[in-house]
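S.K.: task: produce atomic coordinates for the following.
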Amino acid sequence: MAIAQRVIKFRAKKGLLDNYFLKYWIMSAPFQQDLFTYSTGSTALGIKSSKLNHLKLVLPPHNEQLIIANYLDEKTNQLDTLIANKQKLIELLKEERTAIINEAVTDKEKIGN
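M.R.: The predicted model follows:
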């Protein structure tokens, strides 16, 4: 995480906090809002290292963290696959649109003139 011209590496304490759960917590809306609350700056927001201890962390039991992180991994992978498929479809539709336009402007007989 880059914070106010510094890069801070968060690493969970083994057996207490799962790194993947921590990643999802950092990406969550509650954490982002909390981060924004303590951020300062006009052009680029940043947070002072002295404010990091004010950020809240949800800490369910370690086994629940693993279940939550695995669930989120599965769901985000499913969504990533759906997005990739939709992007392929969009590209095919763009190609079809281009082909229709090319055909219409190069073959006037097909459009009724």
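S.K.: drop to CA atoms for contacts and neighbour counts, all remaining ones
M.R.: Noted.
S.K.: is it true that residue 59 touches residue 17?
M.R.: Yes. Contact status for residue 59 versus residue 17: in contact at 7.4 Å, counting by CA atoms under 8 Å.
S.K.: now list whatever residues contact both of the two.
M.R.: Counting by CA atoms under 8 Å, 6 or more residues apart in numbering, the contacts common to residue 59 and residue 17 are residue 65.
S.K.: neighbour count: the two, which is higher?
M.R.: Using other CA atoms under 10 Å as the criterion, residue 59 and residue 17 rank with residue 17 on top: 19 against 14.
S.K.: can you tell me, leaving aside adjacent residues, what's nearest to the more buried one?
M.R.: Counting by CA to CA, 6 or more residues apart in numbering, residue 17 lies nearest to residue 62, which is 6.2 Å off, once chain neighbours are set aside.
S.K.: do I have it right that that neighbour meets residue 15?
M.R.: Yes. At 6.5 Å, residue 62 counts as touching residue 15 under the criterion of CA under 8 Å.
S.K.: between these two, who's got more neighbours?
M.R.: Neighbour totals were compared for residue 62 and residue 15, and residue 62 leads with 15 against 9 (other CA under 10 Å).
S.K.: contact partners for that one?
M.R.: 15, 16, 17, 18.
S.K.: give the helix, strand or coil label for the third one.
M.R.: State at residue 17, reduced to three classes by DSSP: H, G, I helix; E, B strand; the rest coil: coil.
S.K.: by mean pLDDT, flag the weakest helix or strand of this protein.
M.R.: strand 2-3 (a mean of 54; mean pLDDT, DSSP states H and E).
S.K.: and residue 21, how far from residue 31?
M.R.: 13 Å (CA to CA, to the nearest Å).
S.K.: for the residue positioned nearest the centre of the chain, what are its contacts?
M.R.: Nearest to the mean C-alpha position of the chain, counting by CA atoms, centre = their mean, stands residue 27 at 7.4 Å. Counting by CA under 8 Å, 6+ apart, residue 27 touches no other residue.
S.K.: and residue 106, its phi and psi?
M.R.: phi -100, psi -20 (degrees, to the nearest 10).
S.K.: which residues of this protein fall in helices?
M.R.: Listed in chain order, the helices of the chain (DSSP state H) span 19-27, 29-38, 62-106.
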